[in-house]
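Asks: can you look at this prediction? I've put the sequence above it.
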Amino acid sequence: MQARLKKQENIHALVLSLGLKYQNFTIAGGNARCLAMLEAFKKVIADYSTPPGNSLPRHLPSVISKQVDLLSNTRTLAASMKTAIRELKKEISVIPVDATDENAKERLFQFIDTFQKERIETAGAYIAHEAVDTDKIQDGDVILTYGRSSTVLNTLLYAHMYGRNFKVIVADGRPKLEGKEMLKSLVKAGINCGYATCTAVPMLMPEVSKVIIGASAVLANGAILSRVGTAVVCNAAKERQVPVIVLCESYKFLDETRLDSFTWNEIAGENNSTLATWRSIDPLKLLNLHYDVTPAHFITALLCEHGLVPSTVALNVTRFAAER
């Protein structure tokens with residue numbers, strides 16, 4: 001991959017470095033990847049100069065597209081990144097043709113800062129406040145979550161700081177075992193926690209009062225695209241009639257539909273030393289899907305910055321957010 005990256009032309013050095021961090025999972029998670037990308041784009045824009053005979057709103061989108069192509073070659077773009085890229089290009093397109101580079105850049109810097117603040121940071125804070133204010137997290141709750149979601153983590157930390165007394169069971173699964181980092185953060189804050197692998201979830205579900213998970217994307221049909229294993233957790237909750245609440249910012253809502261986990265996915269690596277050399281074992285074929293799709297009927301409600309809504313109105317939320 002590194003050799004292929006070196007052949008790319010007109011790629012900003014910061015974007016090249018960021019692509020390698022994506023590939024190595026040094027930066028992971030929809031919010032973290034989007035924030036890092038937008039910061040890199042600010043540097044790309046700052047170092048950009050409109051060529052003679054061109055205008056910034058007509059030429060800069062092609063420069064941004066080359067950076068995006070590089071990032072998508074290192075790892076498939078997250079839903080959050082797709083929204084940010086689309087909105088940034090839209091903002092570039094409405095800049096007056098006769099605007100100076102200095103004025104245009106200042107406008108774009110302000111747009112990126114506003115996007116980061118409102119669509120990511122403020123949205124996440126609202127979700128955390130709403131979860132507590134509407135008693136979605138109550139004293140005595142036993143909350144099961146899966147993997148690691150920055151939105152879920154911040155919500156649980158806020159509820160704990162607010163004084164709610166609850167227990168969290170962190171369920172986890174391969175290949176990344178991201179729940180370990182989630183567990184460390186919760187324990188460090190003093191929250192009563194348990195840890196289990198995904199296979200143990202059905203046995204633990206009788207003591208769980210609610211499931212709270214994050215999402216990489218919310219699809220137009222209300223289905224949830226998230227870390228592989230999420231569908232297993234939600235299915236187990238459905239069997240026991242345990243409510244499943246998904247916390248997700250609206251900029252991760254997509255105007256598209258997927259009916260299974262195979263038409264679009266990422267293949268994750270395997271860091272376990274036992275399987276690290278699997279490619280050299282000819283009869284062995286290792287398939288580690290990174291995401292799975294959870295149907296809408298497994299989801300009790302979605303909590304975004306626009307409030308608590310049923311998953312079936314996901315498309316309405318997507319269009320409402322786009323019109324703002």
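Replies: Sure thing, it's come through.
Asks: would you state the helices of the stretch 201-324 of the chain in chain order?
Replies: 201-204, 230-239, 314-323 (DSSP state H, counting those that start in this stretch).
Asks: any idea which of those scores lowest on pLDDT?
Replies: Here the lowest mean pLDDT among the helices of the stretch 201-324 of the chain goes to helix 314-323, at a mean of 66.
Asks: where does pLDDT dip in the stretch 151-300 of the chain?
Replies: 259-263, 268-276 (pLDDT under 70).
Asks: span of stretch 169-186 from start to end?
Replies: One end of stretch 169-186 sits 10 Å from the other (C-alpha to C-alpha, to the nearest Å).
Asks: list the buried ones in that stretch?
Replies: 169-173, 175-176, 178-179, 181-183, 185-186 (16 or more other C-beta atoms under 10 Å). Any C-beta I mention is one placed from the backbone N, CA and C, and that applies to glycine too.
Asks: what sits up against stretch 124-135?
Replies: The contact list for stretch 124-135 (C-beta atoms under 8 Å, 6 or more residues apart in numbering) reads 31, 136-137, 150-151, 154-155, 157-159, 162, 164, 212, 245, 247, 249, 303-305, 307-308.
Asks: swap in stretch 83-96?
Replies: 34, 37-38, 41, 56-57, 60-61, 64, 68, 77, 104, 107-108, 111-112, 115, 119, 251-252.
Asks: send me it as PDB with only the CA atoms.
Replies: The C-alpha coordinates for stretch 83-96 follow below in PDB (Å, rounded to 0.1, in the frame of the first residue of the first chain):
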ATOM      1  CA  THR A  83     -21.300  13.700   4.400                       C
ATOM      2  CA  ALA A  84     -18.500  16.100   5.300                       C
ATOM      3  CA  ILE A  85     -17.000  15.900   1.800                       C
ATOM      4  CA  ARG A  86     -20.300  16.500   0.100                       C
ATOM      5  CA  GLU A  87     -21.100  19.500   2.300                       C
ATOM      6  CA  LEU A  88     -17.600  21.000   1.800                       C
ATOM      7  CA  LYS A  89     -17.800  20.700  -2.000                       C
ATOM      8  CA  LYS A  90     -21.200  22.200  -1.900                       C
ATOM      9  CA  GLU A  91     -19.900  25.200   0.000                       C
ATOM     10  CA  ILE A  92     -17.000  25.600  -2.400                       C
ATOM     11  CA  SER A  93     -19.400  25.600  -5.400                       C
ATOM     12  CA  VAL A  94     -21.400  28.600  -4.100                       C
ATOM     13  CA  ILE A  95     -18.300  30.800  -3.600                       C
ATOM     14  CA  PRO A  96     -18.400  33.800  -6.000                       C
END
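Asks: so how far is it from its chain's centroid?
Replies: 21 Å (C-alpha atoms, centre = their mean, to the nearest Å).
Asks: pick out the most distant pair among the buried residues of stretch 169-186.
Replies: Among the buried residues of stretch 169-186, the pair separated by the greatest distance (C-beta to C-beta) is Pro175 and Leu186, at 21.9 Å.
Asks: would you check that Cys234 makes contact with Ile212?
Replies: No. In this structure, Cys234 is not within contact of Ile212 by C-beta atoms under 8 Å, at 11.4 Å.
Asks: next SSE downstream of whichever strand or helix holds Asp69?
Replies: Secondary structure from DSSP states H and E places Asp69 in helix 56-74. Later in the chain than helix 56-74, the nearest helix or strand by DSSP H and E is helix 79-93.
Asks: for the helix or strand just after that following helix, name the packing helices and strands.
Replies: Per DSSP H and E, the first helix or strand lying C-terminal to helix 79-93 is helix 101-115. Judged by 3 or more C-beta pairs under 8 Å, 6 or more residues apart in numbering; DSSP states H and E, the packing partners of helix 101-115 are helix 30-46, helix 56-74, helix 79-93.
Asks: mind redoing it with 7 Å?
Replies: Here helix 101-115 touches helix 30-46, helix 79-93, going by 3 or more C-beta pairs under 7 Å, 6 or more residues apart in numbering; DSSP states H and E.
Asks: buried ones in the last one?
Replies: This points to helix 79-93. So, applying 16+ other C-beta under 10 Å, buried residues of helix 79-93: Ala79, Ser80, Met81, Lys82, Thr83, Ala84, Ile85, Glu87, Leu88, Glu91, Ile92.
Asks: among the residues you listed, which one has the lowest pLDDT?
Replies: Ala79 (90).
Asks: leaving out sequence neighbours, find the closest residue to that residue.
Replies: Distances taken as C-beta to C-beta, 6 or more residues apart in numbering place Ala217 nearest to Ala79, at 3.5 Å, with adjacent residues excluded.
Asks: next, the contact list for that neighbour, please.
Replies: By C-beta atoms under 7 Å, 6 or more residues apart in numbering, the residues touching Ala217 are Ala79, Leu225, Lys252, Leu254.
Asks: count the neighbours of the last one for me.
Replies: The burial metric for Leu254, expressed as a neighbour count using other C-beta atoms under 10 Å, is 19.
Asks: and it, how far from Met81?
Replies: 12 Å (C-beta to C-beta, to the nearest Å).
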